[in-house]
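Participant: build me a structure from this.
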Amino acid sequence: MGRSRYIIHEHQAPHFLTCTINNWIAIFTRPATVQVILDALAYRQEQRNLKIYAFVILENHLHLIAQSPDLPAEISSFKSWTAKRLLEVLHEQRADRILKQLAFIKRRIK
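Facilitator: I've put the predicted structure just below:
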């Protein structure tokens, strides 16, 4: 994830953030994919000094209010890791329809 749409001027202040799935595909309707997000957030709270004040996971995006000494880097790392892990989980669950949608979008963006 080389680019970031987040422009954060006060890196250590809490910020309201939204992370979306490409093309608003409903990925978070499966308990296993929601667990990926929960595990990633818990890890960042325990190991990476991310403070989470609130969050909500909806079927195709999530919102959170978070704070970190380097929030842009933290969110970039979070999104990169969770994207890879979500694809692994979807492959494990043989979620072929969703994987095909994601592959189509990836080809279209390039």
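Participant: wait, is Glu59 part of a helix?
Facilitator: No. If the criterion is DSSP: H, G, I helix; E, B strand; the rest coil, then Glu59 is coil and not within a helix.
Participant: tell me the buried residues in stretch 81-99?
Facilitator: By neighbour count with 16 or more other Cβ atoms under 10 Å, stretch 81-99 contains the buried residues Trp81, Thr82, Ala83, Arg85, Leu86, Leu87, Val89, Leu90, Ala95, Ile98. In short, each C-beta sits where N, CA and C put it, glycine included.
Participant: show the average pLDDT along it.
Facilitator: Stretch 81-99 carries an average pLDDT of 94.
Participant: so what touches it?
Facilitator: Met1, Ile25, Ile27, Arg30, Ala32, Thr33, Val36, Ile37, Ala40, Leu102 (Cβ atoms under 8 Å, 6 or more residues apart in numbering).
Participant: so which of those residues sit within helices?
Facilitator: Those of the contacts of stretch 81-99 mapping onto helices are Ala32, Thr33, Val36, Ile37, Ala40, Leu102, per DSSP state H.
Participant: surely the last one touches Ala26?
Facilitator: If I follow you right, that is Leu102. No. Contact status for Leu102 versus Ala26: not in contact, 11.8 Å apart, counting by Cβ atoms under 8 Å.
Participant: between the contacts of stretch 81-99, which sits nearest Glu59?
Facilitator: Proximity of those to Glu59 (Cβ to Cβ) peaks at Ile27, which lies at 7.6 Å.
Participant: who's in contact with that closest one?
Facilitator: Here Ile27 is in contact with Ile21, Thr33, Glu59, Asn60, Leu86, Leu90, Ile98 (Cβ under 8 Å, 6+ apart).
Participant: what do you get for Leu71?
Facilitator: Tyr6, Ile8, His11, Gln12, His15 are the contacts of Leu71 under Cβ under 8 Å, 6+ apart.
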